[in-house]
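> Dropping a prediction and its sequence here:
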Amino acid sequence: MSKLQIQALACEYQGKTILNELSLDLAENEILALLGPSGCGKTTLLRAIAGLMSVSQGEIVLDGEPLSSPQRVLPTEQRGIGVIFQDYALFPHLTVAENIGFGLKAWDKAKAQARIAEMVALVKLDGLADRYIHQLSGGQQQRVAIARALAYQPRLLLLDEPFSNIDSQVRGELMAEIRQILRSQGVSAIFVTHSKEEAFAFSDRLALLHEGKVVQSGRAEELYYRPASRFVADFLGGGNYLDATVAGSHEVSTPLGVITSASALRHRPEHQGILLLRPQQLALEADNNGDGVVMERRFAGTYCDYQVKVGLVDLAVRSGHIGLEPGQRVAIAALPHSLVMF
Ligand SMILES: Nc1ncnc2c1ncn2[C@@H]1O[C@H](COP(=O)(O)OP(=O)(O)OP(=O)(O)O)[C@@H](O)[C@H]1O
């Protein structure tokens with residue numbers, strides 16, 4: 001059974017449909033990224049799950065228990081869901097320990113103190129329990145927010161853009177550490193981001209939203225290498241799009257010549273469409289008789305990003321051959337892979 005099931009959900013603001021027939025599942029102990037452009041409805045979905053927003057159609061079910069439907073909305077405080085907002089919403093007049101213990105007021109005092117100490121150690125804030133929030137760095141405040149949300153053992157954790165206020169230098173490290181904390185506590189979580197890098201680094205699975213619907217969900221690799229639409233392909237990273245005609249079960253005719261797919265194509269022969277080639281799916285070789293010319297080169301450490309012109313077509317190519325200079329003629333070929341065509 002899924003941990004969380006969302007079925008054909010619709011939500012509105014003042015009569016305007018924001019979420020529309022949205023369906024999504026979350027497995028036990030899974031971390032899911034809700035990814036999508038600004039305004040697509042990510043925060044609205046999080047608010048609906050938390051019970052901060054009514055639903056006009058569909059259903060939200062957690063651990064088999066209906067939380068929201070047009071007929072019934074279980075109050076937020078009865079859902080057992082922890083929410084971490086973008087600004088962490090910590091209490092400035094309380095210390096770290098008091099913030100973490102905020103949701104434990106009904107607990108036995110000694111038990112609550114022990115739990116607070118456990119959480120302080122878990123998020124590595126030892127020695128800072130008596131500090132006030134403004135005496136902490138952004139990353140430390142984030143840790144307090146995580147500790148406060150986890151202290152009362154929520155059934156589900158929701159995080160809204162949790163890393164957007166964190167300095168990019170420490171963001172990667174903090175993401176890895178918080179992911180490890182959620183894993184160690186067996187927490188199921190949904191986090192909102194508009195950054196694919198964050199989604200790739202922090203989640204087990206992604207759901208990409210567009211105009212209030214999930215357009216594709218799955219592992220990062222699936223969305224990246226088998227995008228269901230051009231919108232998904234573009235959102236997850238740049239690529240080259242070539243006019244193409246299906247020439248056989250595995251062959252596509254393109255301005256670069258015939259390219260062979262590692263698996264059978266979904267389209268029938270003669271179908272005309274657009275072929276996606278990611279920059280790293282193309283290979284370059286210096287060749288004075290080659291069809292391509294290097295126009296630009298950007299060094300990036302272990303690889304170079306090149307702009308290559310082949311006839312009238314401009315291609316972005318990421319190559320481990322870092323020594324090619326502008327003006328160099330090159331041979332260009334698609335590396336063997338399963339082709340994606342729209
Ligand atoms: N309180 C509100 N009243 C009316 N419309 C709202 C309200 N909050 C959000 N909206 C609208 O709902 C849509 C979805 O907003 P939402 O905040 O869910 O998007 P988002 O995907 O989280 O965007 P972002 O990445 O910019 O935070 C937007 O068109 C927004 O203008």
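Great, that's in hand.
> tell me which element residue 174 falls in.
Using DSSP states H and E, residue 174 sits within helix 168-184.
> the strands in the stretch 1-150 of the chain, which residues?
4-13, 16-26, 31-35, 57-62, 65-68, 81-84 (DSSP state E, counting those that start in this stretch).
> want to try a markdown table for these, with distance to residue 116, mean neighbour count and mean pLDDT as columns?
For the C-beta atoms, the positions are set from N, CA and C on the backbone; glycine is no exception. Listed next are the strands of the stretch 1-150 of the chain as a markdown table, based on distance: least, Cβ to Cβ, whole Å; neighbours: other Cβ atoms under 10 Å; pLDDT from 0 to 100:
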| stretch | distance to residue 116 | mean neighbour count | mean pLDDT |
| --- | --- | --- | --- |
| strand 4-13 | 28 | 18 | 96 |
| strand 16-26 | 28 | 18 | 95 |
| strand 31-35 | 25 | 26 | 96 |
| strand 57-62 | 26 | 20 | 97 |
| strand 65-68 | 28 | 19 | 95 |
| strand 81-84 | 15 | 22 | 92 |
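> closest to residue 202 out of the ones you listed?
Minimum separation from residue 202 across the strands of the stretch 1-150 of the chain (Cβ to Cβ) falls at strand 31-35, 6.5 Å.
> roughly how far is stretch 45-63 from the heart of the chain?
Taking Cα atoms, centre = their mean, to the nearest Å, one finds the center of stretch 45-63 at 20 Å from the center of the full chain.
> can it be found next to the ligand?
No: on the criterion Cβ under 6 Å from any ligand atom, stretch 45-63 is out of touch with the ligand, staying 6.9 Å away.
> Can you give the contact residues for that stretch?
Stretch 45-63 is contacted by residues 3-12, 19, 21-24, 34, 44, 66-70, 73-76, 79-81, 83, 155-156, 158, 160, 190, 192, 209 when judged by Cβ atoms under 8 Å, 6 or more residues apart in numbering.
> ok so, going back, out of the strands of the stretch 1-150 of the chain, the one nearest residue 246 is which?
Taking Cβ to Cβ, strand 31-35 is the member of those nearest to residue 246, at 30.6 Å.
> which strands and helices sit next to that closest one?
Packed against strand 31-35, as judged by 3 or more Cβ pairs under 8 Å, 6 or more residues apart in numbering; DSSP states H and E, are the following elements: helix 42-50, strand 189-193, helix 196-202, strand 205-210.
> hey, least reliable of the ones you listed by pLDDT?
Note on the helices and strands packed on strand 31-35: lowest mean pLDDT is at helix 196-202, with a mean of 90.
> What is the distance between that helix and the centre of its chain?
Worked out by Cα atoms, centre = their mean, helix 196-202 lies 5 Å from the chain centre.
> Name the residues of that helix that are buried.
Residues of helix 196-202 classed as buried: 196, 198, 199, 200, 201, 202 (neighbour count, 16 or more other Cβ atoms under 10 Å).
> need the contact list for the nearest residue to residue 321 once chain neighbours are set aside.
Closest residue to residue 321 apart from its sequence neighbours, by Cβ to Cβ, 6 or more residues apart in numbering: residue 284 at 5.8 Å. Taking Cβ under 8 Å, 6+ apart as the contact definition, residue 284 lies against 292, 294, 306, 308, 317, 319, 321, 324, 330, 331, 332.
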